[in-house]
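S.K.: How does the following fold in three dimensions:
(one chain, ligands or ions: 1)
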Amino acid sequence: MIEMEDKPRDATKAGSDGRGTGSRSDILGDRVETDRNVLDKNGSAASFRGDVTLSPTSGDSAGDLELLRTARDVCAPKAIGVVEDNQGIHLTLDRGKCIMCGMCQATAPTAFKVQSSYAQPARRLADLVKTQFADMPSVGAIMPIEEIGKQLSEKVKRTLGRSLAIREVDAGSCNGCDVEVAALINPIYDVARFGVHFVASPRHADVLLVTGVCSRNMDLALRRTYDATPDPKVVVAVGACACTGGLFGDTYATSGGISHTVPVDVFVPGCPPRPEAILYGLLLAVDRIGESAD
Ligand code: SF4
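M.R.: Okay, the predicted model is just below:
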């Protein structure tokens, strides 16, 4: 915990309505924060483990190759590929599986770099796989939360003529992604101001926001929830588990991602994804609703 530098909350400095000055210390209340840069423009602290980038020159030597193979072997969700063909050695990284543990960077720091910005959601699972020669920009580098929200608000108004209704389904998560989804409605993100709200029934929803691996026990429940959602509907898979099964993969108790149970329109990588990445995923989802309505 970090003591904030702002002065203590002082009732004598409150606004005329007696509700405080609206400063950061007023918003956070007790002057104790867990992240010094909680409201910075990038939306994530420097220590946040987000997207992993690949060096375009790694694999140029035999010593490198050994390191890359070791990194591939220590990657628990098997997100790293080392492809050797007659053109040389290519590294691939599946963001849909990556849990941002940082083990690859610890093993081969010249080849892998864990960034503090988050990975970009995609409409197709295949688009989450990157190679060392064709990297994708990360969302944090593209737009701050306010800009994503502004675009989302305009698109929702144009496409639906009302607000966007979301039903969240936990299909067997550790709760990490659900905490980030819940953060969307806290005072910092407050997505209601962008015309986005959560509903209690799939019958009232435009979007199903699904977290978790889809455990076998949740398979039928997820399918029924999908069937109960009126058309046009879109499904957003939130987090590595929902995208691909993540660390759990395909086991006797899990299905290897929710796309084995319901059609998925947008994949949001991360373990867990930041609220900004989830909001960006919703931006892609609204595009999808617009296409289905055409
Ligand atoms: S950060 Fe991602 S790619 Fe690297 S070892 Fe961990 S799961 Fe694998």
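S.K.: Reduced to three states, what does D64 come out as?
M.R.: helix (DSSP: H, G, I helix; E, B strand; the rest coil).
S.K.: List the contacts of the residue nearest the centre of the chain.
M.R.: For the chain, the residue nearest the mean C-alpha position is P273 (2.7 Å; Cα atoms, centre = their mean). Shown in contact with P273 (Cβ atoms under 8 Å, 6 or more residues apart in numbering): 118-119, 121, 177, 180, 238-239, 281. Heads up, the C-betas are built off the backbone N, CA and C, glycines and all.
S.K.: JSON lines for those, including pLDDT and neighbour count?
M.R.: Output for the contacts of P273, formatted as JSON lines (pLDDT from 0 to 100; neighbours: other Cβ atoms under 10 Å):
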{"residue": "Y118", "pLDDT": "83", "neighbour count": "30"}
{"residue": "A119", "pLDDT": "85", "neighbour count": "29"}
{"residue": "P121", "pLDDT": "92", "neighbour count": "28"}
{"residue": "C177", "pLDDT": "96", "neighbour count": "28"}
{"residue": "E180", "pLDDT": "94", "neighbour count": "22"}
{"residue": "V238", "pLDDT": "97", "neighbour count": "31"}
{"residue": "G239", "pLDDT": "96", "neighbour count": "30"}
{"residue": "G281", "pLDDT": "95", "neighbour count": "27"}
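S.K.: so which of those residues comes closest to the ligand?
M.R.: Nearest to the ligand among the contacts of P273 is A119, at 9.9 Å by Cβ to the nearest ligand atom.
S.K.: so that closest one makes contact with A277?
M.R.: Yes. In this structure A119 lies within contact range of A277 using Cβ atoms under 8 Å: 6.9 Å.
S.K.: any idea how far the residue nearest to the centre of the chain lies from M143?
M.R.: 15 Å (Cβ to Cβ, to the nearest Å).
S.K.: Turn the contacts of P273 into TSV, columns for distance to L247 and secondary structure.
M.R.: Listed next are the contacts of P273 as TSV, based on distance: Cβ to Cβ, whole Å; DSSP: H, G, I helix; E, B strand; the rest coil:
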residue	distance to L247	secondary structure
Y118	18	coil
A119	16	coil
P121	19	coil
C177	13	helix
E180	17	helix
V238	15	strand
G239	11	coil
G281	20	helix
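S.K.: Which one of these is nearest to P187?
M.R.: Of all the contacts of P273, P187 sits closest to E180, with 15.4 Å by Cβ to Cβ.
S.K.: Which residue is the nearest non-sequential neighbour of that closest one?
M.R.: P272 (4.6 Å; Cβ to Cβ, 6 or more residues apart in numbering).
S.K.: Give me the three-state assignment for the one you found.
M.R.: P272 ends up coil, using three-state DSSP.
S.K.: contacting residues for the closest residue to the ligand within the stretch 101-250 of the chain?
M.R.: For the stretch 101-250 of the chain, the residue closest to the ligand is C104, as judged by Cβ to the nearest ligand atom, at 3.2 Å. Neighbouring residues of C104 by Cβ under 8 Å, 6+ apart: 52, 71, 74-75, 80, 111-112, 114.
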